[in-house]
Structures are given as structure tokens and as C-alpha cells.
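1. For reference, the sequence and a predicted model appear below.
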Amino acid sequence: MSSHARSLPPVVLVAIMSVVSLTFAGIMLFARGRAMMEDQIKEKLRNTATAAAMQFNGNLIDQVTSNSTMENSVVLQDLVRRLDALRQEVASVRFAYIMERTSDPTHHAFVADADMALSVEELDEDKNGVLDESEMPAKPGDLYDWQQFPKLGEEAFMHPTVDDHIGEDRWGPIISGYAPIRRDNGQVVGILGIDMDAHEFTKLSTSIFSPIALLLVILASISIACGTVLAFRRRRIEELEKLETERLGLLRLAFHQLGGPLTIISWSIEELENDGPASIQRAVENIHEGINRLSVILNTLKEADMVHAGKLEYKPEKRLLSTILREVVSNSTNKLHSRKQRIEFDIEEDITLNLDPKLMSSVVQELMNNAMDFSPDGAVIHIASSANLQYATFTVRDDGCGIPKKDLRSIFDEFSRGSNAPKYKANGNGLGLYIVQGIVQCAGGSVSIQNNKDVGVTATVKLPLAGKEAILTAL
């Protein structure tokens with residue numbers, strides 16, 4: 001320490017150290033808070049794009065060409081209406097559009113744009129009575145150079161993604177997210193793009209920095225530092241509540257959009273079946289398949305929403321765990337046979353549990369489906385169960401692709417999938433394991449997934465025992 005520093009009174013030294021420490025802490029708090037909020041808005045945008053893309057039938061997009069207009073294409077009108085409904089339902093969405101690949105690797109082509117639903121008066125932003133080129137909505141076939149937005153390139157056609165950074169356009173700060181749109185066979189036909197207004201984020205970031213500046217001016221007052229933390233936490237809670245409200249609104253939109261097609265297809269089936277010629281039998285079968293797929297999506301979304309709201313109806317009764325495990329495997333025989341996969345059992349036959357047989361069967365089925373889908377042909381899937389005096393445990397272990405370590409922490413979150421999942425299973429909504437966790441927790445148990453040392457993963461479910469052993473343990 002220099003002689004000048006030693007000559008300063010201790011109170012001054014403490015004051016200087018306090019200012020430096022609190023200033024550094026304030027700066028770090030601001031940086032961390034901004035990063036967390038940016039991650040939050042990205043996650044919201046990714047989930048919004050994922051759920052919204054499920055509403056679009058990829059087979060219909062093939063029918064839109066560069067010659068299509070709102071006047072001559074019913075399909076285009078429907079796409080534009082759905083895009084505009086998405087923008088109206090989620091208030092922070094500024095633009096919504098669909099793009100497809102072109103022969104030029106640096107350009108995509110527009111298929112539909114929500115702005116096509118707007119009137120001339122709404123499009124005329126400068127109110128000069130003339131639509132300038134910058135005010136015209138994108139038309140089918142219009143090219144777009146995506147190179148300044150790298151995520152809009154190949155990655156957007158593989159899985160839902162979001163731009164790395166918040167950008168600026170003539171309307172202000174904006175961030176964009178994308179999700180692939182698939183045909184019935186799982187092939188990607190295009191992408192849904194959503195541009196979200198980031199004004200609230202930048203405004204919140206600026207307001208959070210003000211107490212830190214004040215902290216430097218008044219030599220790091222402890223009371224103001226505490227007030228800054230409380231203000232940050234309060235605003236963050238408000239933002240999370242706002243995100244939750246918009247999430248529920250998006251789910252309701254999805255229910256509404258999926259319910260209509262189910263009714264229309266059902267009516268079509270009745271008409272076709274009444275006619276009865278053999279030539280339309282294949283059409284009837286295809287419509288049945290469409291209904292089944294839509295029903296699965298709708299039921300999954302409803303079940304996920306019930307889990308999220310804590311309203312899952314769990315009706316327990318005493319059942320043998322081995323019976324449920326074997327019934328699920330029996331129901332999966334055809335899929336196992338087609339993949340040339342087999343099951344190895346190592347289960348205790350007499351474990352009795354107090355559980356909801358239907359919901360717990362869906363848990364086992366989801367874990368089984370994951371093991372089959374992400375394991376190669378000819379693989380062996382291991383199912384084991386055991387029990388102590390308090391808990392029963394069953395595991396489903398596969399020799400598949402595993403889950404990247406960075407994704408394990410969030411694998412049970414809504415709309416969360418391993419980053420390698422699209423390579424092995426194109427269709428997936430990231431809700432299966434979220435629902436599994438909700439059901440298991442309703443049963444008073446827990447579920448975890450870990451990578452094996454060599455290959456594959458092991459899913460472990462712990463459930464409380466029913467019967468004399470559990471009663472004795474409690475006493």
C-alpha cells in the first residue's frame with residue numbers, strides 16, 4: 001500500500017472500498033438482469049413460434065404460388081387470416097409471415113404475410129394517400145435476403161429458433177423467432193416467422209440502470225441499493241406475469257384453431273361414408289388419420305394446460321406396477337416389431353401402488369415411445385422395477401442418441417426438447433416429458449432422466465408404495 005493510501009482516515013478507506021464494491025455489484029446486477037430478461041423474451045418468442053406453427057397445415061402451403069392473390073386463392077386467404085389472428089391474439093407480435101426455400105441459397109420467398117389482411121388506410125403509415133414501396137405487404141413469391149439474420153437460414157428449417165440479438169428497424173427495437181411448418185409426412189415445407197416488439201424490454205433495461213447511476217452519485221447508499229434490487233425483482237415478476245397471460249392466450253388460440261378443423265373433417269367423413277363408393281375409401285382413411293393427429297395435438301395441449309394450472313384429475317386405485325408395465329409393452333408390439341427392437345424385463349411382479357392406471361400408463365407409454373424413437377433399429381430397451389419399504393422405482397433405459405448435457409436441466413420444461421431431437425424425430429412438441437412430470441408429481445413421486453455412461457439415457461420414476469409396508473414405515 002502506498003504512503004498516500006496509508007495516510008487516509010480508515011472511514012475514508014472504508015467508504016472508497018464500499019463505493020467500489022457496490023458499484024461493481026450494481027454493474028454486475030444490471031448485466032445479469034438484462035441477460036436474464038433477454039433470455040426470457042427469447043424463450044417466450046420461441047414458445048410462441050412453436051405453438052403457432054402447429055396451427056398451419058404444410059400440405060396447403062404447397063398450393064400457394066407466386067401467381068396467388070387474395071382474390072383468387074382461398075388457401076392464401078386462410079393463411080393470411082390465421083397470421084393476422086396470431087398478431088391480434090398476442091399483442092407484442094408486430095409481424096407474422098410464412099417463407100419457403102428457393103433455388104437461391106441466399107434468398108427465401110414469401111408465401112403469406114399478415115399485412116396482406118390490412119386495408120390501404122392501415123398500410124399507409126405516412127397518411128399521404130399513396131402506398132410507398134416500404135409500406136407494401138410482401139406478396140407470394142417475393143424474395144428476401146436472409147443473410148443478415150443467420151438463424152433465418154438453415155437452422156429455422158430444422159427446429160424453433162430465435163435471433164441472437166435484439167435489432168432495430170424503422171419501428172424501433174425488434175427480435176424475431178422462427179419455427180418450421182411441416183407436411184403430414186413430417187417434411188418441412190416452410191417456416192413461420194414472428195417479429196416481436198422489444199420496446200418493453202429496452203425500456204425496462206434503461207429504467208433498471210437509473211438506480212445504479214444514482215448509486216454512484218450518492219456514494220453507494222445501502223438503502224438505495226436495496227431499493228434497486230426490490231424494484232428489479234418487482235418488475236421481473238410483472239414481466240413474468242405478463243408472459244404467463246400471453247401464454248394462456250396462445251393456448252386458447254390453439255384450442256380454437258384446432259377445434260374448427262376437427263368439426264369440419266368430421267362432417268366431411270359423414271358425407272363421404274354416406275355416399276359409400278369404394279373409390280373414396282382412401283380419402284376417408286386419410287381424413288381419419290388427420291383427425292387422429294389433430295386429436296393427439298389437441299389432447300396434448302389440453303393436458304399440458306391442466307398440468308400447468310394444477311387441475312389434473314388424478315384418480316388413484318391399487319394396481320400392480322408390473323401389470324401396467326407389461327400392458328404398455330404389449331400395446332407397443334407393432335412398433336417394436338417394425339423397428340426390430342425388443343424389451344428386456346427385470347421387474348418385481350408383486351409391487352402394489354396406489355395410482356391412476358390410465359395416467360400412469362400414459363407416463364410409461366411416453367417413456368417407452370422416447371426410448372423406441374431415439375434408439376436405432378434392432379436396439380434393446382431395458383425395463384426394470386424394484387421397491388424398498390417406502391418407494392417403488394421403475395426405470396426405462398435405452399441405447400439411443402442420449403440428450404446433450406446442456407439440455408438436461410430444462411428437459412422437463414414446456415416445449416423443451418433436446419437440441420439433437422429433430423434429427424431422430426421430426427414431429428415433436430416438447431410437451432410429453434412436461435406432462436409426465438406433472439402426472440408423477442400428482443402421484444407424490446418424482447421423475448429424472450440421466451445420460452448413461454456409454455450411450456442412451458435412463459428415465460427413473462419413484463412412486464410411494466401402497467399397502468402394509470408403507471403404513472409400517474410411516475408409523
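-> Okay, I see it.
2. Just to check, Arg87 is in contact with Tyr97?
-> No - with contact defined as C-beta atoms under 8 Å, Arg87 does not reach Tyr97; the gap is 10.1 Å. Yep, even glycine has a C-beta here, placed from its N, CA and C like the rest.
3. Please identify every residue contacting each of these two.
-> Taking C-beta atoms under 8 Å, 6 or more residues apart in numbering as the criterion, Arg87 and Tyr97 both touch Ala114.
4. higher neighbour count, those two?
-> Neighbours were counted for Arg87 and for Tyr97 using other C-beta atoms under 10 Å; Tyr97 has more, 25 against 19.
5. what about His165, neighbour count?
-> Around His165 there are 8 residues (other C-beta under 10 Å).
6. pretty sure it is in a helix, no?
-> No - under DSSP: H, G, I helix; E, B strand; the rest coil, His165 sits outside any helix and is assigned coil.
7. which non-adjacent residue is nearest it?
-> Spatial nearest neighbour of His165, excluding adjacent residues (C-beta to C-beta, 6 or more residues apart in numbering): Ile175 at 7.8 Å.
8. ok, and for stretch 178-188, which residues are buried?
-> 178-182, 188 (16 or more other C-beta atoms under 10 Å).
9. actually stretch 152-172, not the one I wrote
-> Across stretch 152-172, burial judged by 16+ other C-beta under 10 Å covers 152-153, 156-157, 159-163, 166.
10. Which residues does it contact?
-> Contacting residues not belonging to stretch 152-172 are listed as 38, 42, 45-46, 49-50, 53, 94, 99, 101, 108, 134, 146-147, 149-151, 173-180, 188, 191, 193, 197-199, 201-202, 415, 417, 419, 421-422 [C-beta under 8 Å, 6+ apart].
11. Assign the residue nearest to His165 to helix, strand or coil.
-> From three-state DSSP, the assignment for Ile175 is strand.
12. Please determine how far it is located from Gly430.
-> For Ile175, the distance to Gly430 equals 21 Å [C-beta to C-beta, to the nearest Å].
13. same question, Trp146
-> 25 Å.
14. what's the answer for Asn370, then?
-> Separation of Asn370 from Gly430 (C-beta to C-beta): 12 Å.
15. hang on, the earlier thing: among the contacts of stretch 152-172, name the buried ones.
-> Those of these that meet the buried threshold are 38, 42, 45-46, 49-50, 53, 94, 99, 101, 108, 146, 149, 173-180, 188, 191, 193, 197-198, 201, 415, 417, 421-422, by 16+ other C-beta under 10 Å.
16. sorry, back to before: wait, the residue nearest to His165 sits on Gly193?
-> No - using C-beta under 8 Å, Ile175 makes no contact with Gly193, being 11.6 Å away.
17. ok so, going back, can you pick out the ones from the buried residues of stretch 152-172 that are in strands?
-> By the criterion of DSSP state E, membership of the buried residues of stretch 152-172 in strands covers 161-162.
18. Show me which pair in the buried residues of stretch 152-172 is furthest apart.
-> Put simply, by C-beta to C-beta the two of the buried residues of stretch 152-172 set farthest apart are Phe157 and Ile166, 22.9 Å from each other.
19. burial of Asp113, as a residue count?
-> If you count neighbours by other C-beta under 10 Å, Asp113 ends up with 24.
20. now Phe415, nearest residue through space, not along the chain?
-> Per C-beta to C-beta, 6+ apart, closest to Phe415 is Gly430, 4.1 Å.
21. Please, which helix or strand holds the one you found?
-> Using DSSP states H and E, Gly430 maps to neither a helix nor a strand.
22. so who does it touch?
-> Going by C-beta under 8 Å, 6+ apart, Gly430 touches 50, 413-417.
23. just to revisit the earlier point, CSV for the buried residues of stretch 152-172, including pLDDT and distance to Arg397?
-> Shown next, in CSV, are the buried residues of stretch 152-172 (pLDDT from 0 to 100; distance: C-beta to C-beta, whole Å):
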residue, pLDDT, distance to Arg397
Leu152, 90, 39
Gly153, 87, 37
Ala156, 92, 34
Phe157, 93, 33
His159, 92, 26
Pro160, 92, 29
Thr161, 93, 31
Val162, 91, 34
Asp163, 89, 38
Ile166, 79, 43
